[in-house]
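**Q** Sharing a sequence plus its predicted fold:
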Amino acid sequence: EKWRRQIIGEISKKVAQIQNAGLGEFRIRDLNDEINKLLREKGHWEVRIKELGGPDYAVSLKQLCGQTTSLAFSLL
């Protein structure tokens, strides 16, 4: 889980950088590619963590998304 948290931190930093309006198109594309690579790596770590008996982050994410969707509909 240490590695997963480290990757999430790197993703957060790059997302903050990509939101900088002063960046050129090529730098934004490079950052986007780096973020996508990190997201894939995070997914691989999550699968490995589950294989080792750790928490299933994919299920947690699906539950969270389902809760926010139902919450949004209940507010309407």
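**A** Nice, I can see it. Residues are numbered from 1 along each chain as shown.
**Q** only C-alpha atoms for contact and neighbour calcs from this point on.
**A** Will do.
**Q** doesn't Asn36 make contact with Lys14?
**A** No - counting by C-alpha atoms under 8 Å, Lys14 does not reach Asn36; the two are 10.5 Å apart.
**Q** which residues does Ile18 contact?
**A** Ile18 makes contact with 28, 31-32 under the criterion C-alpha atoms under 8 Å, 6 or more residues apart in numbering.
**Q** Could I get the pLDDT score of it?
**A** In this prediction, Ile18 carries a pLDDT score of 89.
**Q** and the residue nearest the centre of the chain, what element?
**A** Against the mean C-alpha coordinate of the chain, by C-alpha atoms, centre = their mean, the closest residue is Leu39 at 5.6 Å. When secondary structure is defined using DSSP states H and E, the element that contains Leu39 is helix 25-51.
**Q** Find the nearest non-adjacent residue to the residue nearest to the centre of the chain, please.
**A** Leaving aside its chain neighbours, Leu39 sits nearest to Ile11 (7.6 Å; criterion: C-alpha to C-alpha, 6 or more residues apart in numbering).
**Q** Arg4 versus the one you found, what's the distance?
**A** Between Ile11 and Arg4 the computed distance is 11 Å (C-alpha to C-alpha, to the nearest Å).
**Q** So these two - more neighbours on which side?
**A** When Ile11 and Arg4 are compared for neighbours, Ile11 comes out ahead with 21 against 18, by other C-alpha atoms under 10 Å.
**Q** Is the more buried one part of a helix or strand, or is it coil?
**A** Per DSSP: H, G, I helix; E, B strand; the rest coil, the local secondary structure of Ile11 is helix.
**Q** And Gly53, by the same measure?
**A** Three states are possible here, and by three-state DSSP the one that applies to Gly53 is coil.
**Q** quick one: low-confidence parts of the protein?
**A** Within the chain, the ranges that satisfy pLDDT under 70 run 60-76.
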